[in-house]
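Asker: pasted the sequence and its predicted model underneath.
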Amino acid sequence: MASFLSLLFVFYVIVIMSSSLPTTSENFAKESPVFASAKPLEKLTQLHFYFHDSIRGKNPTSMYIVEPPKGSINRFGSLIMMDDPLTEGPGPNSKLVGRSQGMYAVASQHEYGLSIMASFLFTEGIYNGSTLSIVGMNHALQNVREISVVGGSGVFRYARGSALLKTYFYNGISGAAIVECNVSAIHV
Ligand SMILES: *[C@@H]1O[C@H](CO)[C@@H](O)[C@H](O)[C@H]1NC(C)=O
Ligand SMILES: *[C@@H]1O[C@H](CO)[C@@H](O)[C@H](O)[C@H]1NC(C)=O
């Protein structure tokens, strides 16, 4: 009787153990739970600076690479390359924080409209070497213009956002402009 009970016990243990063994034999695949908290939080950075564009004068920061075609109205069709300094304040001797490098094209026949495609390349502090890419229409005679921030690099990787531009100073004779710029960018 005792040996029958111990036999029954051993049988019972084997059943319990075998039920906890894996029931599939695949070695090429492994499932593991996904944790919802794996996505990093995004950050919002707001920047305030001035850019200085001078197309004529002694040390131009921008120049025509395509002159306006014959018969063009309001210089429509011309293309300008720029390498404009970005400064903390509006003064010409204010601290340099970066450069705006890229192009703008006169893209409107009806009002003064510049189609702009450029990178803001920052050179100050933790932003040194990081860029924001901007694309959009700059209707330069309007009070405030909004341009899209479509990307970025460095600390601004995966950026998206907007840049608000407002003319701070313009001299029609020298072609010198100082433009206030507020940028909001969401990035990782
Ligand atoms: C920014 O980085 C460049 C290249 O690494 C370096 O030469 C320069 O001194 C840096 N500028 C500032 C203001 O830290
Ligand atoms: C930028 O922001 C400052 C501070 O909020 C504000 O005084 C200024 O009018 C803004 N400029 C533009 C072009 O949005």
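Answerer: Sure, I can see it. Numbering: from 1, shown residues only. Ligands and ions are numbered 1, 2, ... in the order given.
Asker: end-to-end on stretch 111-127?
Answerer: Start-to-end span of stretch 111-127 (CA to CA, to the nearest Å) is 36 Å.
Asker: same thing with stretch 134-150?
Answerer: Length of stretch 134-150, first residue to last, CA to CA: 6 Å.
Asker: can you check stretch 106-121 too?
Answerer: Stretch 106-121 has an end-to-end distance of 23 Å (CA to CA).
Asker: run a quick neighbour tally on whichever residue of the chain sits closest to ligand 1.
Answerer: As assessed by CB to the nearest ligand atom, ligand 1 sits closest to Asn128 within the chain, at 3.7 Å. Any C-beta I mention is one placed from the backbone N, CA and C, and that applies to glycine too. When neighbours are counted by other CB atoms under 10 Å, Asn128 registers 13.
Asker: how about the nearest residue to it, chain neighbours excluded?
Answerer: Nearest non-adjacent residue to Asn128, counting by CB to CB, 6 or more residues apart in numbering: Phe122, 6.5 Å away.
Asker: okay, now the unreliable bits of the protein?
Answerer: By pLDDT under 70, the low-scoring segments of the chain are 1-25, 34-40.
Asker: hmm, 50 instead?
Answerer: For the chain, residues meeting the criterion pLDDT under 50 lie at 13-15, 19-23.
Asker: ranges for the helices of it?
Answerer: Remark: helices assigned in the chain by DSSP state H are 2-19.
Asker: contact residues of it facing ligand 1?
Answerer: Within the chain, the positions adjacent to ligand 1 are Thr123, Glu124, Asn128, Gly129 by CB under 6 Å from any ligand atom.
Asker: can you pull out the strands in this structure?
Answerer: For the chain, the strands defined by DSSP state E occupy 43-54, 62-66, 79-87, 96-106, 113-122, 131-139, 144-153, 160-171, 176-187.
Asker: could I get those as TSV with distance to ligand 2 and mean neighbour count?
Answerer: Converted to TSV, the strands of the chain look like this (distance: least, CB to the nearest ligand atom, whole Å; neighbours: other CB atoms under 10 Å):
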stretch	distance to ligand 2	mean neighbour count
strand 43-54	6	18
strand 62-66	20	14
strand 79-87	14	19
strand 96-106	15	20
strand 113-122	15	20
strand 131-139	12	20
strand 144-153	5	18
strand 160-171	3	16
strand 176-187	4	19
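Asker: dump those into CSV; add distance to Ile73 as well.
Answerer: Formatted as CSV, these follow (distance: least, CB to CB, whole Å):
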stretch, distance to Ile73
strand 43-54, 22
strand 62-66, 16
strand 79-87, 16
strand 96-106, 10
strand 113-122, 12
strand 131-139, 16
strand 144-153, 21
strand 160-171, 21
strand 176-187, 21
